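I would like to see how this sequence folds:
(one chain, ligands or ions: 2)
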Amino acid sequence: MKRILSKYKYILIITGMVACIIMVSALSNIGSAAFKNIDNKIGSDALPNVDDYLRTKFEKLGLVPVPVENQMSEEKVELGKMLFFDKRLSGNNEVSCITCHAVDKAFTDGRATAVGVKGREGQRNTPTVLNSAYYEKLFWDGRATSLEEQALGPITNPVEMDQDLDELVKELKDVPEYRRLFANAFHDEISTKHIADALASFERTLIVKDTPFDNYIQGDNKALTTQEKLGMEIFAGKGNCMTCHAGANFSDNDFDNIGINNRDFGRFYVTDQEEDKGAFRSPQLRELTYTAPYMHDGSMKTLEEVVKHYNEGKHVDQFTSEDFNPLNLSDKEQAALVAFLKSLSGKPIKIEEPKIP
Ligand code: HEC
Ligand code: HEC
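Numbering: from 1, shown residues only. Ligands and ions are numbered 1, 2, ... in the order given. Next comes the predicted model:
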């Protein structure tokens with residue numbers, strides 16, 4: 001009897017699974033049917049709910065996550081901003097965070113790879129700090145798990161700011177205004193921990209979510225052009241971009257090798273796992289219009305070049321991701337994808353340079 005029951009159990013499970021598969025494929029057919037010749041129909045009355053359908057595929061950017069141990073306050077943000085601009089943070093007092101994360105370049109430096117103190121050249125491209133508050137892992141290889149942890153990295157990095165942390169604390173303690181500002185923000189003395197906390201708090205205010213794309217997601221159908229909407233559908237559909245550029249911040253916080261082989265092993269240095277060779281964290285995609293060149297080594301100058309790279313989908317070694325394959329997009333589709341990527345950029349953020357004490 002028991003055995004008969006368990007046999008039925010399997011039949012039931014299998015029937016259930018088949019039913020699920022039929023339902024899922026029926027639903028996705030509705031989707032793809034709606035998108036046949038989408039570029040002719042978007043915006044026309046023939047398919048009034050295309051916009052609603054597109055919106056279901058994307059998420060709105062929510063509030064910035066803030067760790068309990070480092071709650072936000074105006075005092076911390078003001079102090080963090082000052083530190084971000086202050087060259088005292090580098091060993092020779094010539095380089096500040098702003099040197100590489102410049103306001104007028106959407107917090108990047110416009111170079112392929114960064115240049116730090118005494119003209120020392122780094123290996124990697126400077127990513128924007130904008131929206132980095134949404135990442136679960138920081139740096140191209142994800143070696144830091146919070147902005148607090150990240151902040152001390154560039155200060156001590158010999159190629160970037162080359163500063164001794166005890167020396168920095170001493171230098172700041174010599175400035176009465178800094179003693180006052182740290183006391184106001186933390187009710188405590190100056191310490192490396194508080195320097196990191198203040199920098200992180202400031203970075204959590206550097207958020208971009210006023211882009212044509214975001215306005216569209218909020219319900220403004222006219223915020224995107226027909227071409228951008230076509231690009232949006234390709235991004236979510238046959239372009240396969242959302243496999244990795246997932247969620248509201250366009251990053252799944254995971255690591256992949258997408259065929260840029262330049263002997264920087266990326267994530268491998270952190271995990272020591274063979275399969276992580278050449279893998280980097282999927283970067284967020286807002287403000288790309290201002291953050292060229294692209295990729296961890298700054299090897300691509302334009303978004304057209306980036307899209308061409310994905311369209312070709314060439315595997316350079318055995319570690320290249322299975323989710324990275326030739327796309328066979330037409331020229332028109334590639335141009336639409338580029339247009340969509342550009343719609344993720346808003347007006348450049350402007351912040352006033354603070355007066356350094
Ligand atoms: C010499 C140029 C340079 C300076 C100075 C510099 N950075 Fe960076 N920054 C970089 C580079 C290059 C990376 C990427 C490094 C990597 O991934 O290995 C980076 C990464 C970051 C990230 C991570 C972004 C992401 O996408 O994960 C943040 C946040 C950041 N920097 C903040 C700062 C702060 C705060 C300071 C000042 C204390 C600073 N940077 C100083 C070049 C610089
Ligand atoms: C397999 C995961 C994966 C897929 C699929 C994927 N990406 Fe990426 N993307 C990445 C990773 C990882 C990087 C960084 C790679 C590097 O620097 O070596 C990246 C980088 C980028 C960049 C450069 C961003 C910058 O700031 O430098 C753009 C733009 C981009 N991807 C757009 C797309 C588009 C458009 C698609 C779809 C056609 C797509 N990606 C599909 C993982 C992916």
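
For the residue of the stretch 201-350 of the chain found nearest ligand 1, grab the count of nearby residues.
The stretch 201-350 of the chain approaches ligand 1 most closely through Glu203 (5.8 Å), counting by CB to the nearest ligand atom. Placement of C-beta: from N, CA and C, glycine included. Glu203 is flanked by 27 other residues according to other CB atoms under 10 Å.

Could you double-check that Pro326 lies in contact with His309?
No: look at Pro326 against His309 with CB atoms under 8 Å: they stay out of range, at 10.9 Å.

More neighbours: which of these two?
His309 (18 against 11).

does the strand or helix carrying that one come close to ligand 2?
Using DSSP states H and E, His309 falls within helix 303-312. Yes: interface with ligand 2: helix 303-312 contributes 303, 306-307, 310 (CB under 6 Å from any ligand atom).

Per-residue pLDDT of the residue of the stretch 201-350 of the chain closest to ligand 1, please?
On the pLDDT scale, Glu203 is placed at 98.

contacting residues for it?
Contacts for Glu203 (CB atoms under 8 Å, 6 or more residues apart in numbering) come out as 80, 84, 129, 132-133, 147, 151.

Okay, now the unreliable bits of the chain?
For the chain, the stretches flagged by pLDDT under 70 are 1-48.

can you pull out the strands in it?
In the chain, the segments counted as strands under DSSP state E are 255-256, 280-281.

nearest to Arg143, of the ones you listed?
Nearest of those to Arg143, taken as CB to CB: strand 280-281 at 9.8 Å.

Mind giving me the packing neighbours of that closest one?
Applying 3 or more CB pairs under 8 Å, 6 or more residues apart in numbering; DSSP states H and E, we find strand 280-281 packed against strand 255-256.

Give the pairing partners of the strand it packs on; include direction for each.
Using DSSP bridges, the strands paired with strand 255-256 are strand 280-281 (antiparallel).

Show me what the partner strand is in contact with.
With contact meaning CB under 8 Å, 6+ apart, strand 280-281 is reached by 135, 137, 139-142, 251, 253-258, 266-267, 296.

was I right about Gly116 contacting Glu94?
No: between Gly116 and Glu94 there is no contact under CB under 8 Å: 9.5 Å.

Compare neighbour counts for the two and give me the winner.
Gly116 (21 against 12).

ok so, going back, which elements pack onto the helix holding His309?
In terms of contacts (3+ CB pairs under 8 Å, 6+ apart), helix 303-312 is packed against helix 331-342.

Contacts only, for the residue most central in space within the chain.
Taking CA atoms, centre = their mean, the centroid of the chain lies closest to Gln284, which sits 2.1 Å from it. By CB under 8 Å, 6+ apart, the contact list for Gln284 reads 131-132, 134-135, 245, 249-251.

And those residues, which is closest to Ile195?
Nearest member of the contacts of Gln284 to Ile195, counting by CB to CB, is Ser132, at 17.5 Å.

For the closest one, give its distance to ligand 2.
Relative to ligand 2, Ser132 is positioned 11 Å away (criterion: CB to the nearest ligand atom, to the nearest Å).

Please report the number of neighbouring residues for that residue.
The local packing of Ser132 (other CB under 10 Å) involves 23 other residues.

how close does it sit to Phe250?
Going from Ser132 to Phe250 by CB to CB, to the nearest Å gives 12 Å.

Thr126 too?
From Thr126 to Phe250 the distance is 18 Å (CB to CB).

contact partners of the helix holding His309?
So helix 303-312 is contacted by 239, 241, 258-259, 288, 292, 294-295, 300, 324, 326-329, 334, 337-338, 341-342 (CB under 8 Å, 6+ apart).

what do you get if the cut-off is 10 Å, keeping everything else the same?
Contacts to helix 303-312, defined as CB atoms under 10 Å, 6 or more residues apart in numbering, come from residues 231, 234, 239-241, 258-260, 285, 288-289, 292-295, 299-300, 302, 324-331, 333-342.

how big is the angle separating it from helix 331-342?
Here helix 303-312 runs at an angle of 120 degrees relative to helix 331-342 (axes from the mean of the first three to the mean of the last three CA atoms, to 10 degrees).

hmm, back to that, farthest pair in the contacts of Gln284?
So, these by CB to CB: farthest apart are Ser132 and His245, at 15.1 Å.

For the protein, what lies in contact range of ligand 2?
Contact residues, the chain versus ligand 2 (CB under 6 Å from any ligand atom): 235, 239-241, 243-245, 256, 258, 260, 280, 282-283, 285, 288, 291, 294-296, 303, 306-307, 310, 321, 323-324, 337, 341.

Can you go through the residues you listed and name the buried ones?
Among these, those buried by neighbour count (16 or more other CB atoms under 10 Å) are 235, 239-241, 244-245, 256, 258, 260, 280, 282-283, 285, 288, 291, 294-296, 303, 306-307, 310, 321, 324, 337, 341.

circling back: which residues do Ser132 and Phe250 both contact?
Common neighbours of Ser132 and Phe250, using CB under 10 Å, 6+ apart, are 283-284.

what ranges do the helices span in the stretch 101-250 of the chain?
Assigned by DSSP state H, counting those that start in this stretch, the stretch 101-250 of the chain shows helices spanning 147-156, 165-173, 176-186, 192-203, 212-217, 226-236.
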